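[1] pasting the structure only:
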């Protein structure tokens, strides 16, 4: 039986305008299951350790409750993606071959979820520093350079203004974006989150 959980919201409520977690892109139960599976593949763990790891990776921004994590872990066990060993009063989860295969089939999705989590964590850290009256955070710690933010907004605006573009114009724009993505990905030097 599939567990259908509600979308998981970042700590602090259901804020509406957070660009990094628009309503359609918040973590779903499937997302949480994949993140848990990924963490378990790195190191077999107890449920509490998994919650703590998500909290740490997100700089305190995303810490799913035990009421979300344990049903997700039970589901992963039921479908044969993880094994469970009882140690005292705690369950210890380890990944199985079927879980590894599922993780491999969803590798890009998992990478993007953790990248988004880290990006939001950096932005939240920059906001905390600003509220504390500290100097602005170093860009490598606190988010994107102003030039990149401005360019990203300009791209969104340009696309929005071309809502009624002809099919030929849409194909021309798509070709530009494909080249741009290839150039961005080629310049990353293989950095991963």
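    Nice, thanks for sending it over. Values in this document were obtained by computation on a predicted structure and should not be read as measured data.
[2] quick one, longest helix in the protein?
    Among the segments of the chain that qualify as a helix by DSSP state H, the longest is helix 107-131.
[3] For it, enumerate the helices and strands it packs against.
    Helices and strands touching helix 107-131, by 3 or more Cβ pairs under 8 Å, 6 or more residues apart in numbering; DSSP states H and E, are helix 29-42, helix 47-57, helix 139-142. C-betas here are computed from N, CA, C, even on glycine.
[4] Okay, buried residues for it please.
    Neighbour-count burial for helix 107-131, counted by 16 or more other Cβ atoms under 10 Å, picks out 110, 113-114, 116-117, 120-126, 129.
[5] pLDDT and distance to residue 160 for those - can I get that in a markdown table?
    Output for these, formatted as a markdown table (pLDDT from 0 to 100; distance: Cβ to Cβ, whole Å):
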| residue | pLDDT | distance to residue 160 |
| --- | --- | --- |
| 110 | 93 | 30 |
| 113 | 90 | 26 |
| 114 | 89 | 29 |
| 116 | 85 | 22 |
| 117 | 85 | 27 |
| 120 | 78 | 23 |
| 121 | 79 | 28 |
| 122 | 79 | 26 |
| 123 | 76 | 23 |
| 124 | 76 | 27 |
| 125 | 75 | 30 |
| 126 | 73 | 26 |
| 129 | 73 | 32 |
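[6] Now flag whichever of these is closest to residue 71.
    Checking the buried residues of helix 107-131 against residue 71 with Cβ to Cβ, the nearest one is residue 113 at 18.8 Å.
[7] how does this protein divide into domains?
    Taking automatic domain parsing as the reference, the chain has its domains at 1-142, 144-193.
[8] looking at those, which is buried most?
    Highest mean neighbour count among the domains of the chain (mean count of other Cβ atoms under 10 Å): domain 1-142, with a mean of 15.
[9] Now the helices and strands packed on helix 107-131 in TSV, please, with extra columns for mean pLDDT.
    TSV is the format used below for the helices and strands packed on helix 107-131 (pLDDT from 0 to 100):
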stretch	mean pLDDT
helix 29-42	94
helix 47-57	92
helix 139-142	44
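[10] CSV please, covering these and showing distance to residue 163.
    Output for the helices and strands packed on helix 107-131, formatted as CSV (distance: least, Cβ to Cβ, whole Å):
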stretch, distance to residue 163
helix 29-42, 29
helix 47-57, 37
helix 139-142, 33
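[11] Looking at those, spot the one closest to residue 172.
    Among the helices and strands packed on helix 107-131, helix 139-142 sits nearest to residue 172 (Cβ to Cβ), with 32.8 Å.
[12] so after that closest one, what's the next helix or strand?
    The helix or strand immediately downstream of helix 139-142 is helix 146-160, counting by DSSP states H and E.
[13] now the angle from the helix or strand following that next one to helix 146-160?
    Moving toward the C-terminus from helix 146-160, the next helix or strand (DSSP H and E) is helix 167-186. Interaxial angle of helix 167-186 relative to helix 146-160 (axes from the mean of the first three to the mean of the last three Cα atoms, to 10 degrees): 160 degrees.
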